[in-house]
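A.B. asks: Could you look at this predicted model? Sequence included:
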Amino acid sequence: MIAVIGAGTMGSGIALVAATAGHSVLLYDVAPGAAAAGCQRQRADLERLVARGRLSADECSDRLSRMQSVDSLAALAGAELVIEAIVENLDSKVSVLRQVEEVIGPQTILATNTSSLSVTALSSRLRRPGRVVGMHFYNPAPLMPLVEVISGRLTDAAVAQTIFATAQAWGKTPVHCVSSPGFIVNRVARPFYGEALRLLSERAASPETIDAIMRETGGFRMGPFAVMDLIGHDVNFAVTRSVYEAMSQDARYKPSLVQEELVNAGLLGRKSGRGFYDYAKDAPQAGPVDASDGPKPGQITVEGHLGPATALIQLARDAGIRVIERAGADVIRLDSTTLALTDGRTATERMALDGSPIVLFDLALDYAAASRMAIARADQADDAALAQAAGFFQALGKTVSVIDDVPGLVVMRTVAMLANEAADVVHQGVASAVDVDVSMLKGVGYPRGPLAWADAVGAECIAGVIDALARAYGEDRYRNSPLLRRRALSGLPFHRAPGKT
C-alpha cells in the first residue's frame, strides 16, 4: 500500500500515478475535506480523458477505485511507502513525518517530494534516517516522466534503489542523485534563466527576440522569458535565491535584480496577467525584432574549419552561392565582411585584433533546421557589413535577429554555462553524466542534454567561451568546472561508448 500526504495538485497527481500502476493508495491532507477534493480533482481529469476517447470507462473506474481519501495519519499505519508532498518548508515536513513515524512500521520508506530542501537535513531529524529518501516528481506528476531519486548522507543505498525501481515500475524515468542544492534540474537549469536575464539587463535584445533566438536557433521548446512567466517569477526567483544561499552565495547562482523588481511589482507572469509578456486579451503582442533584407552574396570563401557550423557550407551551395574553401582562420569571407562563429569574445574585441569588419553569428542546435540566426557586429563595423551578414543568412532561408555585441551572444553563452554547470554536477559526484542529460531532457524538455551538447560542439570550444566570458566580465560567475577543463585538454567526451575508458 502507498500513502501520499498532501492532496494538492502534486500530491493527488502522485497518488494517481501510484494507483494507475496498480497500488492501493491512501491520500491524506491536514485540511478538512482536502483529501476528498484531491481525489475528486483526479476523477475529473480522468473523466475528461474518457470523454476524449483516450481512456476507457473501465480503466477510469479501476484507477479511481484504488484511491481512497483518509482523514487521519493513523490510517496510514499499513503503508509500505509514504510520500510527503506538502508545503516546501523543512520544519513543516519534519513535523508531519515525525507524526507518521509514530504509526508506521520500521520497514516503511518515507519519501519526500521536496524540490530544493536538503534530504540530509530532513532525514537527520527523524527516527530512522536510513529509510528516508527524496522522490521528486515534476508537475503534472501523471504526465511528466522524470523522477529525481535523492539520497541524503544517511539514506540506505537499498532504499534509494527500491524507490528507483518503484519509479521505473510506475512508468517514470528515474535518475539517481545525492542531496545537494537544487539536485540536478533546478541547479543545472539556473543559467538558462540567469544568462537571459543578464542579456536583458545589458540591453542585448528584447525578451521577445531572445526567446525567439532560443527557440528558433537553439531548438528550445520555449524561450527563458516565456518559461519564467509560466513558472511565476516569485517561484523562479525563490528557487534561484535558495540555490544561491545554499551554495554559500556563489556568484554563479546570483539572483537577478531584473527579476526581483518584477516580483516586487507583483508582475509574476501568467498567474498575475503580466510579467515579461502581457497576457491581457486585448494587449498588443510585440514580436521579435527582425533584420532588414540584405544582399545575397554570389560567392563566399570559407577559410579553415567552421566546427559546429560546418553545415553552412552545404546550405550555401544549396542556395546557389559559390563556395571557395581554403586554409585560414576558421571564418567566412563575404565581399568586404568577415563572418565568424562566436567563441565568447565580442566582435569588437576580435576586430580590434584582426582589423577587418567582423560580424559574429550564434551557435545553432541544427544549422539546417534553424529558422533564425542571431548576429552581432563589431562597434567599428559599418551598416554595410551588417547588411552583408544578414543577407547571407537570409539567402539560406533564415530570419535574422541583430543583437548588441555581447560576449558569447545568446545560444552559445547559454549552452556553455549549462554545460559548465552540468560538468560541475558530475565533477562533484551529485549525479552521472548520463543522469544529468536525461534529467534535462525529461524534466525540462531541453532539445539536447548539456553534456551531449558539449560533446557535439567540443569541450575545448565550451571552455574557451567560459574563459572569454570571464575576461569580459571579470567575475567568478564565469569559471570553468575542473571537469570541463580536463575534457577540453584531453579531448575525451563526457559520454563515452560502452566499454571505453
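C.D. replies: On my side now, so go ahead. Residues are numbered from 1 along each chain as shown.
A.B. asks: Next up, the contacts around residue 185.
C.D. replies: Listed by CB atoms under 8 Å, 6 or more residues apart in numbering, the contact partners of residue 185 are 138, 146, 148, 439-440, 443-444. Every C-beta, even on glycine, is put in place using the N, C-alpha and C of the backbone.
A.B. asks: Could you list the residues in contact with stretch 42-59?
C.D. replies: 12-13, 15-16, 60, 63-64, 67, 142.
A.B. asks: Same check on stretch 87-95?
C.D. replies: Contacts for stretch 87-95 (CB under 8 Å, 6+ apart): 6, 84, 86, 112, 114-118, 121-122, 125-126.
A.B. asks: run the last query once more with 10 Å
C.D. replies: With contacts defined as CB atoms under 10 Å, 6 or more residues apart in numbering, stretch 87-95 is touched by 5-6, 8, 30, 84-86, 96, 110, 112-118, 121-126, 235, 238-239, 242.
A.B. asks: What subset of the residues you listed is buried?
C.D. replies: 5-6, 8, 84-86, 96, 110, 112-118, 122-123, 126, 235, 239, 242 (16 or more other CB atoms under 10 Å).
A.B. asks: returning to that earlier point: Throw the contacts of residue 185 into JSON lines and include distance to residue 415, thanks.
C.D. replies: Output for those, formatted as JSON lines (distance: CB to CB, whole Å):
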{"residue": "138", "distance to residue 415": "22"}
{"residue": "146", "distance to residue 415": "20"}
{"residue": "148", "distance to residue 415": "22"}
{"residue": "439", "distance to residue 415": "16"}
{"residue": "440", "distance to residue 415": "11"}
{"residue": "443", "distance to residue 415": "17"}
{"residue": "444", "distance to residue 415": "14"}
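A.B. asks: What is the nearest of these to residue 104?
C.D. replies: residue 148 (23.4 Å; CB to CB).
A.B. asks: before we move on, the earlier item: which of the buried ones among the contacts of stretch 87-95 fall in strands?
C.D. replies: Among the buried ones among the contacts of stretch 87-95, the members falling in strands (DSSP state E) are 5, 84, 110, 112.
A.B. asks: Now residue 127: closest residue in space, sequence neighbours ignored.
C.D. replies: Excluding the flanking residues, the one nearest residue 127 by CB to CB, 6 or more residues apart in numbering is residue 101, at 5.0 Å.
A.B. asks: how deep is residue 271 tucked in, by neighbour count?
C.D. replies: 15 (other CB atoms under 10 Å).
A.B. asks: how near is it to residue 230?
C.D. replies: For residue 271, the distance to residue 230 (CB to CB, to the nearest Å) stands at 9 Å.
A.B. asks: Put the alpha carbons of stretch 54-67 into CSV.
C.D. replies: Presented in CSV, the C-alpha positions along stretch 54-67 are these (Å, rounded to 0.1, in the frame of the first residue of the first chain):
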residue,chain,number,x,y,z
ARG,A,54,-8.2,8.5,-24.6
LEU,A,55,-9.2,6.3,-21.7
SER,A,56,-11.9,3.7,-21.3
ALA,A,57,-14.6,4.0,-18.6
ASP,A,58,-13.5,0.7,-17.1
GLU,A,59,-9.9,2.0,-16.8
CYS,A,60,-11.1,5.2,-15.2
SER,A,61,-13.2,3.3,-12.7
ASP,A,62,-10.3,0.9,-12.0
ARG,A,63,-7.9,3.6,-11.2
LEU,A,64,-10.3,5.6,-9.0
SER,A,65,-11.2,2.5,-7.1
ARG,A,66,-7.7,2.2,-5.8
MET,A,67,-7.6,5.8,-4.5
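A.B. asks: now that stretch, how far from the centre of its chain.
C.D. replies: Mean C-alpha position of stretch 54-67 versus that of the full chain (CA atoms, centre = their mean, to the nearest Å) differs by 34 Å.
A.B. asks: What of stretch 223-230?
C.D. replies: The answer for stretch 223-230 is 11 Å, by CA atoms, centre = their mean.
A.B. asks: same deal with stretch 66-81?
C.D. replies: That offset, for stretch 66-81, works out to 35 Å (CA atoms, centre = their mean).
A.B. asks: buried sites along it?
C.D. replies: For stretch 66-81, by 16+ other CB under 10 Å, it's 66-69, 73, 76-77, 79, 81.
A.B. asks: average model confidence for it?
C.D. replies: Mean pLDDT, computed over stretch 66-81, is 94.
A.B. asks: same check, this time on stretch 266-280
C.D. replies: The model assigns stretch 266-280 a mean pLDDT of 96.
A.B. asks: any idea which element residue 143 lies in?
C.D. replies: Assessed by DSSP states H and E, residue 143 sits outside every helix and strand.
A.B. asks: cool, and the one 4 residues further on?
C.D. replies: In the assignment (DSSP H and E), residue 147 maps to strand 146-151.
A.B. asks: One more: residue 38?
C.D. replies: Using DSSP H and E, the element containing residue 38 is helix 34-51.
A.B. asks: what's the answer for residue 359, then?
C.D. replies: strand 358-361.
A.B. asks: Who are the packing partners of that strand?
C.D. replies: Applying 3 or more CB pairs under 10 Å, 6 or more residues apart in numbering; DSSP states H and E, we find strand 358-361 packed against strand 331-333, strand 338-341, helix 347-354, strand 372-377, helix 383-395.
A.B. asks: repeat that with 8 Å
C.D. replies: Here strand 358-361 touches strand 338-341, helix 347-354, strand 372-377, helix 383-395, going by 3 or more CB pairs under 8 Å, 6 or more residues apart in numbering; DSSP states H and E.
A.B. asks: Let me know the angle separating the last one from helix 347-354.
C.D. replies: Interaxial angle, helix 383-395 versus helix 347-354 (axes from the mean of the first three to the mean of the last three CA atoms, to 10 degrees): 110 degrees.
A.B. asks: Quick check: mean pLDDT of helix 383-395?
C.D. replies: For helix 383-395, the mean per-residue pLDDT is 97.
A.B. asks: Any buried residues in it, and which?
C.D. replies: Residues of helix 383-395 classed as buried by neighbour count (16+ other CB under 10 Å): 385-395.
A.B. asks: Need the contact partners of that helix.
C.D. replies: 291-297, 300, 316, 319, 321, 332, 334-337, 339, 357-359, 361, 373, 375, 377, 400, 402.
A.B. asks: Now do that helix and strand 372-377, the angle between them.
C.D. replies: 160 degrees.
A.B. asks: Likewise for the second one?
C.D. replies: Here the directions of helix 347-354 and strand 372-377 differ by 50 degrees (the same axes, to 10 degrees).
A.B. asks: in helix 347-354, what's buried?
C.D. replies: For helix 347-354, the neighbour count (16+ other CB under 10 Å) marks 347-351 as buried.
A.B. asks: Equivalent analysis for the shortest one, please.
C.D. replies: Neighbour-count burial for strand 338-341 flags 338-341 (criterion: 16+ other CB under 10 Å).
A.B. asks: Sketch out the low-pLDDT regions of the stretch 101-250 of the chain for me.
C.D. replies: Within the stretch 101-250 of the chain, no stretch falls below the threshold (pLDDT under 70).
A.B. asks: next one: phi and psi at residue 137?
C.D. replies: Dihedral pair for residue 137: phi -90, psi 160, per degrees, to the nearest 10.
A.B. asks: That one touches residue 149, doesn't it?
C.D. replies: No - using CB atoms under 8 Å, residue 137 makes no contact with residue 149, being 10.7 Å away.
A.B. asks: sorry, back to before: quick one: strands adjacent to the strand holding residue 147?
C.D. replies: Strand 146-151 pairs in its sheet with strand 132-137 (antiparallel), strand 173-178 (parallel), by DSSP bridges.
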